[in-house]
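In: Take this sequence and fold it.
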Amino acid sequence: MNVNVTKTKEYYTTITDSKLCDCGYCRNYRLQIKSVLPEVATYLESLGIDIEKPFETSPLEPDENGMLEYCGCQYIAFGNCEPEYRHRIGDVEFRVATSYPITGIEGDHFVIEFFPIRLRSVIL
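Out: Okay, here's the model as predicted:
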């Protein structure tokens, strides 16, 4: 993986709260993710990515215990990455996403995703 950390950090500083999805699933995610998965947040930060500003989340419905599973969460990084990229932190697996919304970004970039994510449903 070859990430332009400076450019990636600059990109995330341009994402204001008003540009983030305001649905309950995304607000729930942003409220908890950094404290629930601090090692993941630190890893993403080393790439210039702000864990509280996802590009896309993929939530499922809360279970009977009030837990909400996100089958994946995606982030944009500038640079390039080999398609075989895999990384693990505990039970969390990172990979290059192959399916995601159009980024609208020109130039070298890719979308990284990680999963599984289980959070308490506190906002919905």
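In: Just give me how far stretch 82-95 sits from the chain centre.
Out: Its chain's C-alpha centre and that of stretch 82-95 lie 13 Å apart, by CA atoms, centre = their mean, to the nearest Å.
In: Report the buried residues of it.
Out: Across stretch 82-95, burial judged by 16 or more other CB atoms under 10 Å covers 94-95. C-betas here are computed from N, CA, C, even on glycine.
In: ditto for stretch 49-63
Out: Using 16+ other CB under 10 Å as the burial criterion, the residues of stretch 49-63 that qualify are 49-59, 62.
In: what helices or strands is the longest strand along the chain leaning on?
Out: The longest strand of the chain (DSSP state E) is strand 67-80. Counting contacts by 3 or more CB pairs under 8 Å, 6 or more residues apart in numbering; DSSP states H and E, strand 67-80 is packed against strand 2-3, helix 5-13, helix 24-36, strand 56-59, strand 109-115, strand 117-120.
In: go with 10 Å
Out: Helices and strands in packing contact with strand 67-80 are listed as strand 2-3, helix 5-13, helix 24-36, helix 38-46, strand 56-59, strand 92-96, strand 109-115, strand 117-120; criterion 3 or more CB pairs under 10 Å, 6 or more residues apart in numbering; DSSP states H and E.
In: That strand versus helix 24-36: what angle between them?
Out: Strand 67-80 and helix 24-36 are oriented at 80 degrees to each other (axes from the mean of the first three to the mean of the last three CA atoms, to 10 degrees).
In: Noted, bye for now.
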